[in-house]
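**Q** structure for the following, please:
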Amino acid sequence: MKQLAPALQAHLDDGTTTLGWCWRITRADGVAFGFTDHDRVLNFDGTDFEPESGFTASEVRAGSDLSVDAQDAEGVLSSDRITETDILDGRWDNAEVELWRVNWADPGQRVLLRRGAIGQVRRGRVAFVAEVRSLAHALGQTVGRTFQAGCDAALGDGRCGVNLEAAAFRGTGTVTDILRDRAFTASGLFAFAAGWFAHGTVEWTSGANAGRRAEVLSHDVVDGLAILTLLEAPVRPVAEGDSFLSRAGCDKRVATCGAKFGNVANFRGFPHIPGQDTILRYASRDGGHDGAVL
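**A** Model (predicted):
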């Protein structure tokens, strides 16, 4: 049960209330935004809650079990604070959300009703609708390891141990020609063999995408120039002259772990686990299916 401050409780008991809703959204990059359904700016805890941002919310869907409570928040893409580019760029993904009930006549009288995170975001021509999930959504996340042939560690993390800042695993390049919206040729990577940066990342250091990171689908070499194809097209177009930092990638196979990184001791997969063909085997007289130990 919520414990209300005496001043807020007295205001509620009065019968005539001046209440409004306030939402504070903190993105993963640390930028906080405040929105309110009141007709003027409210301020508390160092955040301005603005009414002219085109942000409204639906009713809260809640249950008494451990299912994820949800609420939809709708915003206008033409708002100065909510842009289509930022949504496509993933800046609003999994942003933290706080829902406050505030006495707009005295913002010091308020109560935090809910916490949650931005879930699925649906975009339209002039607006977006974001799902606000309760903290219970964390209970639905997969916990533990999966038994599989491939490695389940992220390249360069604490479990992997590979130093991606070593000169052998990183290189700087410059875009020389645009082939498609997500493919381009680049100079500066002549020292690396084809496929070295496949499944790796590109971190843009200049241009419209500066500060963004993208995954590399394939890496080819033609006439000394690297051809990089990204997994997804960047939100902002890539232009000739854009510079980037590229880091090596891994296909999660034990052979690659040994040959490319010399890191088999830290391989986090199970390369000798029996596959599905083991289940489908049957006994026969032609050899190889005699029921002996595999």
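
**Q** kindly export the longest strand along the chain (C-alpha atoms) in CSV.
**A** If you go by DSSP state E, the chain has its longest strand at strand 110-123. What follows is strand 110-123, C-alpha atoms only, in CSV (Å, rounded to 0.1, in the frame of the first residue of the first chain):
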residue,chain,number,x,y,z
ARG,A,110,3.1,14.1,-5.2
VAL,A,111,3.4,10.3,-5.2
LEU,A,112,5.3,7.9,-7.4
LEU,A,113,2.7,5.4,-8.5
ARG,A,114,4.6,3.2,-11.0
ARG,A,115,8.0,2.4,-12.5
GLY,A,116,8.5,0.6,-15.8
ALA,A,117,10.3,0.6,-19.1
ILE,A,118,9.6,1.3,-22.7
GLY,A,119,8.8,-1.9,-24.6
GLN,A,120,7.5,-2.2,-28.2
VAL,A,121,7.4,1.1,-30.2
ARG,A,122,5.0,1.3,-33.1
ARG,A,123,5.5,4.2,-35.5
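
**Q** residues of it that come out buried?
**A** For strand 110-123, a neighbour-count test (16 or more other CB atoms under 10 Å) marks 110-111, 114, 116-119, 121 as buried. Heads up, the C-betas are built off the backbone N, CA and C, glycines and all.

**Q** just the residues you listed now: which is nearest residue 163?
**A** residue 117 (32.4 Å; CB to CB).

**Q** so what pairs up with the closest one in the strands?
**A** residue 96, residue 133 (DSSP bridges).

**Q** shouldn't it be in contact with residue 93?
**A** No. Counting by CB atoms under 8 Å, residue 117 does not reach residue 93; the two are 9.1 Å apart.

**Q** returning to that earlier point: mind giving me the packing neighbours of the longest strand of the chain?
**A** Counting contacts by 3 or more CB pairs under 8 Å, 6 or more residues apart in numbering; DSSP states H and E, strand 110-123 is packed against strand 70-76, helix 84-88, strand 96-103, strand 127-134.

**Q** residue ranges with poor pLDDT in this structure?
**A** 1, 52-81, 122-128, 134-141, 278, 281-294 (pLDDT under 70).

**Q** domain map for it?
**A** Per automatic domain parsing, the domain ranges recorded for the chain read 6-140, 167-247.

**Q** including distance to residue 150, could those domains go into TSV?
**A** Listed next are the domains of the chain as TSV, based on distance: least, CB to CB, whole Å:
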stretch	distance to residue 150
domain 6-140	24
domain 167-247	11
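
**Q** which one of those lies closest to residue 258?
**A** Among the domains of the chain, the nearest to residue 258 by CB to CB is domain 167-247 (15.0 Å).

**Q** tell me how far that closest one lies from the chain's centre.
**A** Its chain's C-alpha centre and that of domain 167-247 lie 21 Å apart, by CA atoms, centre = their mean, to the nearest Å.

**Q** check stretch 17-29 too.
**A** Stretch 17-29 has its C-alpha centroid displaced from the chain centroid by 22 Å (CA atoms, centre = their mean).

**Q** please enumerate residues in contact with that stretch?
**A** 11, 32-38, 42, 45, 47, 49, 55, 57, 73, 91-105, 110, 118 (CB atoms under 8 Å, 6 or more residues apart in numbering).

**Q** buried subset of these, written for PyMOL?
**A** In PyMOL, a selection of the buried entries from those looks like this (16+ other CB under 10 Å):
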select buried, resi 11+33+34+35+36+38+42+47+49+55+57+73+92+95+97+98+99+100+101+102+103+104+110+118
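
**Q** tell me where the stretch 151-294 of the chain has helices.
**A** Secondary structure of the stretch 151-294 of the chain by DSSP state H, counting those that start in this stretch: the helices cover 254-261, 276-280.

**Q** out of the ones you listed, deepest packed?
**A** Ranked by mean neighbour count under mean count of other CB atoms under 10 Å, the helices of the stretch 151-294 of the chain are led by helix 254-261, which reaches a mean of 17.

**Q** list of residues touching it?
**A** In contact with helix 254-261 (CB under 8 Å, 6+ apart) are residues 149, 151, 162, 169, 248, 250, 263-264, 266-267, 269, 271.
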